[in-house]
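# model this:
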Amino acid sequence: MSGAPSPLTPSFVAMTPTHYNLGFTVGWGIETRILTNWSLKAEYLHLDLGSVNDTFAVSQAGNTSGIFGAVLTTNTNSHLHDHIFRVGSNYRFWSWAP
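Numbers count the residues shown, from 1 in each chain. Have a look, this model is predicted:
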């Protein structure tokens with residue numbers, strides 16, 4: 001066995017991890033008083049930031065073929081969205097208005 005790296009062991013990964021996406025958020029919420037100074041609340045938000053496309057190039061040490069000696073290139077596409085549910089309680093330090 002020689003000291004040469006395995007062809008499957010990456011030694012360099014080229015990528016651009018910074019993305020700026022424009023998106024939107026829509027949702028609803030409700031809050032109700034349950035005691036003199038206490039209230040309960042619930043909220044739902046839908047968040048959508050569009051899609052992100054990335055290309056990753058993995059190269060092997062000593063390999064000079066291709067751009068940056070790349071032996072493997074992969075493309076990814078991700079759609080960034082989320083559903084957020086929140087519940088909570090609030091305490092009001094001053095009395096509720098009549």
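
# and the strands in this protein?
Listed in chain order, the strands of the chain (DSSP state E) span 12-14, 24-33, 38-59, 70-91.

# can I get those strands in CSV with mean pLDDT and mean neighbour count?
(Each C-beta comes from the backbone N, C-alpha and C, glycine too.) Shown next, in CSV, are those (pLDDT from 0 to 100; neighbours: other Cβ atoms under 10 Å):
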stretch, mean pLDDT, mean neighbour count
strand 12-14, 55, 13
strand 24-33, 96, 10
strand 38-59, 88, 14
strand 70-91, 87, 11
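
# so what's L72 bridging to?
V58 (DSSP bridges).

# for I84, that is, sorry about that
Going by DSSP bridges, I84 forms beta bridges with L45.

# can you check E31 too?
K41.

# distance of it from L49?
As for E31, its distance to L49 is 27 Å (criterion: Cβ to Cβ, to the nearest Å).

# with N21 instead?
4 Å.

# and for those two, which residues touch both?
Here N21 and L49 share the contacting residues L80, scored by Cβ atoms under 8 Å, 6 or more residues apart in numbering.
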